[in-house]
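S.K.: give me a model of this one.
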Amino acid sequence: MRNDFFAMYDALCTGVTGEEKIEKTITGERWAYAETASSAGIAMFTAGSTIAPLHATLECMSLDEAAQSVKSWNLEEASLGLAAVNAFYNTPARIEAFSAEVSMDVFYTDGIDLRGKTVALIGHMHGPKGLREQAKKVYVLEREPQEGDYPDSACDWILPQCDLVIITGSALINKTLPHLLELSQNALTILTGPSVPLCPELFDFGLDRIAGMAVTDRTAMHVRVQKGLRGSPYGEGMPFLLKKR
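M.R.: As a prediction, the model looks like this:
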């Protein structure tokens, strides 16, 4: 585990190469979207604009320059920055190159025995089918907790106890992921959701699995983002699952 807070983000950004430029960005109630001539990426839209953005817009910026905005402490800008990162990493061709394509019915916990495990879900998500029936204990930790959720401040107490920690990809945006992984060194860790980049360098920072999607239907994704449609965006994309070797 490295000590440099932004080392993970630097690894993400260093991998983004090429001459493509951001042609369009969209932010909606739920998602941020970035598009180049050949690809598109999304990330969870995370509110938080108390810090001035690094740039007035990411449009017309080169993809590698726009990707640097994932490090912004203006979380709305960081959402677009991660969408730009995903426009590079999350493409059908790249999924195929890593043999990472999975069907919609293959979950990110595929092959993991959940029986008797202590599991944490970082972010209010349902988790895999049968999780609550099989696991010994399931903790849900959430920044805006609902009934039965623990506040995210309980992570320092809960995560060192866990066998499996499942983390929403938006933890990259709000910058909590480095600390969550420090707390989860004794656990199997999975980063999941449409915000997750297909970047195997993330394994160097304590992750064991990454699971996300590539946008394949730009028109439908435009509508989803602009209208703030609820429900899964995976219908407009290609899911992937990559495991640490």
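
S.K.: could you use CA atoms for every contact and neighbour count after this?
M.R.: Noted.

S.K.: which strands and helices lie in contact with the longest helix along the chain?
M.R.: The longest helix of the chain (DSSP state H) is helix 75-89. Packing partners of helix 75-89 (3 or more CA pairs under 8 Å, 6 or more residues apart in numbering; DSSP states H and E): strand 31-35, strand 40-44, helix 63-67.

S.K.: so what touches stretch 194-207?
M.R.: Stretch 194-207 is contacted from outside by 1-2, 8, 11-12, 42-44, 82-83, 85-86, 89-90, 94-95, 169-170, 178, 181-182, 185, 188-191, 209-214, 233-234, 240, 242, 244, using CA atoms under 8 Å, 6 or more residues apart in numbering.

S.K.: what distance separates that stretch from the centre of its chain?
M.R.: Offset of stretch 194-207 from its chain centre (CA atoms, centre = their mean, to the nearest Å): 9 Å.

S.K.: distance between the ends of that stretch?
M.R.: 16 Å (CA to CA, to the nearest Å).

S.K.: what about that stretch, average pLDDT?
M.R.: Taken as a whole, stretch 194-207 carries a mean pLDDT of 98.

S.K.: same check on stretch 28-42?
M.R.: Model confidence over stretch 28-42, given as mean pLDDT, is 97.

S.K.: stretch 210-223 now?
M.R.: 97.

S.K.: list the contacts of that stretch.
M.R.: With CA under 8 Å, 6+ apart as the criterion, stretch 210-223 contacts 26, 33, 39-42, 86, 90-92, 108, 190-198, 229, 233-234, 236-243.

S.K.: please point out which parts of it sit buried.
M.R.: For stretch 210-223, a neighbour-count test (16 or more other CA atoms under 10 Å) marks I210, A211, G212, M213, A214, V215, T216, R218, M221, H222 as buried.

S.K.: which two of those residues have the greatest separation?
M.R.: Of all pairs drawn from these, the widest gap by CA to CA lies between I210 and H222 and measures 24.7 Å.

S.K.: do you know how far V165 is from I158?
M.R.: Distance from V165 to I158, by CA to CA: 10 Å.

S.K.: do the same with E182
M.R.: According to CA to CA, E182 and I158 sit 12 Å apart.

S.K.: how about N90?
M.R.: 32 Å.

S.K.: ok now do A78, which residues does it touch?
M.R.: Contact analysis of A78 by CA under 8 Å, 6+ apart lists S69, V70, K71, S72, I173.

S.K.: can you redo the residues you listed as TSV with distance to S62?
M.R.: Shown next, in TSV, are the contacts of A78 (distance: CA to CA, whole Å):
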residue	distance to S62
S69	12
V70	14
K71	16
S72	17
I173	20
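
S.K.: what is the neighbour count of the nearest residue to E35 once chain neighbours are set aside?
M.R.: What sits nearest to E35 in space, not counting adjacent residues and going by CA to CA, 6 or more residues apart in numbering, is K24, at 5.2 Å. Using other CA atoms under 10 Å as the criterion, K24 is surrounded by 15 other residues.

S.K.: surely K24 is in contact with T57?
M.R.: No. The pair K24 and T57 does not pass the contact test of CA atoms under 8 Å, sitting 9.9 Å apart.

S.K.: give the residues shared as contacts by the two.
M.R.: In contact with both K24 and T57: no residue, using CA under 8 Å, 6+ apart.

S.K.: which ones are touching the residue nearest to the spatial centre of the chain?
M.R.: Nearest to the mean C-alpha position of the chain, by CA atoms, centre = their mean, lies G169 at 2.2 Å. Neighbouring residues of G169 by CA under 8 Å, 6+ apart: L191, T192, G193, P194, S195, V196.

S.K.: and if we set it to 10 Å?
M.R.: 43-44, 82, 122-123, 177, 190-197, 210-212 (CA atoms under 10 Å, 6 or more residues apart in numbering).

S.K.: with Y9 instead?
M.R.: By CA under 10 Å, 6+ apart, Y9 lies in contact with A67, Q68, S69, V70, K71, L82, L172, K175, P178, L202.
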